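>>> Sequence and predicted structure are below.
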Number of protein chains: 2
Amino acid sequence: MSVASESGTETAADTAAYAPTDLTVPTRGRDRAAYDRQLVHAILDEAYVCHLGFVRDGAPVVLPTLYGRVGERLYVHGSTGSRPLRMAGDARQREEDPGLAVCLTVTHVDGLVLARSAFHHSINYRSVVIHGTAYQVTDPEEKRTALDALVDHVVPGRSADSRPANAKELAATAVLSLDLAAVSAKVRTGGPNDEPEDLGLPHWAGVVPLRKGHDPLIPSTDLAPGIETPDYLIEL
Amino acid sequence: MSVASESGTETAADTAAYAPTDLTVPTRGRDRAAYDRQLVHAILDEAYVCHLGFVRDGAPVVLPTLYGRVGERLYVHGSTGSRPLRMAGDARQREEDPGLAVCLTVTHVDGLVLARSAFHHSINYRSVVIHGTAYQVTDPEEKRTALDALVDHVVPGRSADSRPANAKELAATAVLSLDLAAVSAKVRTGGPNDEPEDLGLPHWAGVVPLRKGHDPLIPSTDLAPGIETPDYLIEL
């Protein structure tokens, strides 16, 4: 996995896939690029944080943040005072407001790939890169939906089993929306791709699969009496 | 964990810490910000991929990539034809060359934090954000050191047990360097921070600790005869 660019052109597309654009077709590793909607959704839904990039005073900023998905739209949230949220526009005034140019990236590291040659070391990964313009969500209904999606993204089913945000909390929280339009996924799987002449070298080669899942839950020590572990956590 | 900005000022610093700058002091969550060098190194050394942000045609791009650390310098690599590597300058001509403005971010997700209130849901995490200028490494010795560091970052000790890059592979690989100067870490640990009036609510609260480590190794099926699992993998 190395730094690759994303310019170029390609025409292949189907109705179930995101249309490749100049922004989403890599010049390198095209064979690993994918535009399948279900694959993209699965990668997005499995991760806990994204890395959100934007430009501030001409320089890039990349921040890790939680997110949620509702159909073809992602949401991130933050304090109303935070910089990217103040920089983003207002969805009610989208005609006039340019919004905030962002790049939102989600990556799973699935395994370490050890080749006989240093050059062919790699990792198995699944990533999604989304280019677009983020807007502040100002419609109260959409904002509530977005906040539920953010909580349910952490643990599916959780928003129904927690106290919803009150008026003060809603006012203190800003939400950005980003549509899934310029979207691409990249996936690497399998073992090392050593050169044929290296196969006899005396070096171990293969994959170290990284562990997924979670360790035993740690309940708060001050849980109200009689609260048992909910089903959505047992199934997690 | 939400989108936070990073402007502001602060003066506290010590000799073992990175000096906070306008770029690295958050306006939100200052109590979670840290500049300790050992903490930063530990966060960087434990992760497998970083998210590298740069600006292309005025818009942000965030790509996941492997990296390596040598002291106070990070390295990322890619094909010599990839865009960010062509955009970056040449370290031998640093006086004349502005390099490539980047933001390199590394994040560990350690646990899911479930509060009684939707508003206080969070995750436990450790992250490092580095702002700076990346330059192409052209010194052959530094390039070799950087590529060894990239392999050893994936599995410590591995570069000594693999075939080093040959001249053709070296020529096809570009390496960017980024000095650790404008650096900050953010860390969240512990349980949920519910409002006192919510403690009696009938919702489970606590932490879901995410699992670390790896599953059993998957050796390549075509390993040369007699190759056993090396110690650096047993200890991994």
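Perfect, I can see it now.
>>> Return the set of buried residues in the longest helix belonging to chain A.
When chain A is parsed with DSSP state H, its longest helix is helix A:140-154. The neighbour-count check on helix A:140-154 (16 or more other C-beta atoms under 10 Å in any protein chain shown) flags A:142-154 as buried. Where C-beta positions appear, they are placed from N, C-alpha and C, glycine not excepted.
>>> Could I get those in TSV, plus columns for pLDDT?
Formatted as TSV, the buried residues of helix A:140-154 follow (pLDDT from 0 to 100):
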residue	pLDDT
A:Glu142	96
A:Lys143	96
A:Arg144	96
A:Thr145	97
A:Ala146	97
A:Leu147	96
A:Asp148	97
A:Ala149	97
A:Leu150	97
A:Val151	97
A:Asp152	97
A:His153	96
A:Val154	92
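>>> how far does the longest helix of chain A sit from the chain's center?
Distance, stretch centre to chain centre, for helix A:140-154: 16 Å (C-alpha atoms, centre = their mean, to the nearest Å).
>>> likewise stretch A:159-170?
24 Å.
>>> One more: stretch A:190-202?
33 Å.
>>> What of stretch A:111-126?
With C-alpha atoms, centre = their mean, you get 23 Å for stretch A:111-126.
>>> So which residues of chain A form strands?
A:33-34, A:49-56, A:59-66, A:68-70, A:73-79, A:89-90, A:100-114, A:122-136, A:173-179, A:182-188, A:206-209, A:218-219 (DSSP state E).
>>> looking at these, which has the lowest confidence?
Mean pLDDT per stretch puts strand A:89-90 lowest among these, at a mean of 60.
>>> Quick one: list the elements packing against the longest helix of chain A.
In terms of contacts (3 or more C-beta pairs under 8 Å, 6 or more residues apart in numbering or on different chains; DSSP states H and E), helix A:140-154 is packed against strand A:59-66, strand A:68-70, strand A:73-79, helix A:167-172, strand A:173-179.
>>> Can you tell me which of those is nearest to B:Asp110?
strand A:59-66 (12.2 Å; C-beta to C-beta).
>>> Please name the nearest non-neighbouring residue to A:Arg69.
Ranked by C-beta to C-beta, 6 or more residues apart in numbering or on different chains and with sequence neighbours excluded, the top spatial neighbour of A:Arg69 is A:Leu44, at 5.5 Å.
>>> Tell me how far that neighbour lies from chain B.
14 Å (C-beta to the nearest C-beta, to the nearest Å).
>>> can you check A:Val208 too?
5 Å.
>>> how many other residues sit next to that residue?
21 (other C-beta atoms under 10 Å in any protein chain shown).
>>> same check, this time on A:Gly226
6.
>>> farthest residue from the center of chain A?
A:Gly200 (39.8 Å; C-alpha atoms, centre = their mean).
>>> My understanding was that that residue contacts B:Ala224; is that so?
Yes - using C-beta atoms under 8 Å, A:Gly200 is in contact with B:Ala224, at 5.2 Å.
>>> circling back: now do the longest helix of chain A against strand A:122-136: the angle between them, please.
Per axes from the mean of the first three to the mean of the last three C-alpha atoms, to 10 degrees, the angle that helix A:140-154 makes with strand A:122-136 is 160 degrees.
>>> which residues are contacting helix A:140-154?
A:45, A:48, A:66-70, A:75-77, A:91, A:137, A:158-159, A:162, A:164-165, A:170, A:173, A:175, A:177, B:112, B:114, B:118, B:121, B:123 (C-beta atoms under 8 Å, 6 or more residues apart in numbering or on different chains).
>>> ok and that helix relative to strand A:59-66, angle-wise?
Going by the same axes, to 10 degrees, helix A:140-154 makes 70 degrees with strand A:59-66.
>>> Just the pLDDT at the closest residue in space to A:Asp222 that isn't next to it in sequence, thanks.
Using C-beta to C-beta, 6+ apart and skipping the chain neighbours, the partner closest in space to A:Asp222 is B:Leu199 (5.8 Å). Looking at B:Leu199, its pLDDT stands at 95.
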